[in-house]
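[1] Coordinates for the following, if possible.
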Amino acid sequence: MIFRNCIFRIYKDTRFSKDKTPYKNNLGASLVEKGPKTLNHAGYYIHLEPGKSFLAGGVYMTEPKNLKAIRETISSDGDSFLKILNKKSFKDILELQGTKLVKVPQGFEKEDPMGDYLKFKQFTVFHPLSDADVLDKDFVMNTVKVLKEIYPFNRFLNDAIGN
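    Next comes the predicted model:
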């Protein structure tokens, strides 16, 4: 993994934005096992911005075939998925977020016990960071602890995708 390929640019695309300031107010880095800044595999994301910093993991805006594979795996192996999400150390610091469909997606039983999870269009977990967290002398070690908690979630997703 080449570090410079993991950092998102600080310039922002102003073509379609009302805000024409040329720079972002944040620094983002994506750490993905299968390559930098890819959307097709689960990985880690670090977002640093005054008052809005966070750590995240999972898949965001993945290809439809990958989303389907993840949903199929959740439907067939819901116990493993729930074991990850319900682990106390995971639940204490991470929250599953993402946009959801109103109904269970086509191809799945409406009464699927994992139906609420099958509605997700992204499978991402978030850990908010305060400015004090970011400036703490133990920031790097604390970040590593959070990313280690995300690892089983990412492994589940990447195994579902087939990687």
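[2] The lowest-mean-pLDDT helix or strand in the chain: what's the following helix or strand?
    None of the helices or strands of the chain scores lower by mean pLDDT, DSSP states H and E than strand 27-32, at a mean of 83. Note on strand 27-32: by DSSP states H and E, the next helix or strand toward the C-terminus is strand 43-48.
[3] circling back to that earlier point, remind me what the least confident helix or strand of the chain packs against, helices and strands.
    strand 43-48 (3 or more Cβ pairs under 8 Å, 6 or more residues apart in numbering; DSSP states H and E). Every C-beta, even on glycine, is put in place using the N, C-alpha and C of the backbone.
[4] Helices of the protein, start to end?
    According to DSSP state H, the chain carries its helices in the segments 64-76, 78-86, 88-91, 115-118, 131-135, 139-161.
[5] Export these to CSV and append columns for distance to Phe54.
    What follows is the helices of the chain, written out as CSV (distance: least, Cβ to Cβ, whole Å):
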stretch, distance to Phe54
helix 64-76, 22
helix 78-86, 18
helix 88-91, 16
helix 115-118, 21
helix 131-135, 10
helix 139-161, 10
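[6] do you know which of those helices lies nearest Leu31?
    Between Leu31 and those, the tightest spacing by Cβ to Cβ is seen for helix 139-161, at 8.1 Å.
[7] packing partners for the closest one?
    With contacts taken as 3+ Cβ pairs under 8 Å, 6+ apart, helix 139-161 sits against strand 43-48, strand 53-59, helix 64-76, helix 78-86, helix 88-91, strand 123-129.
[8] May I see the buried residues of it?
    Residues 142-143, 146-147, 149-150, 152-154, 156-158, 160-161 are the ones in helix 139-161 that count as buried (16 or more other Cβ atoms under 10 Å).
[9] That helix: how far from the chain's middle?
    Relative to the centre of its chain, helix 139-161 is centred 9 Å away, using Cα atoms, centre = their mean, to the nearest Å.
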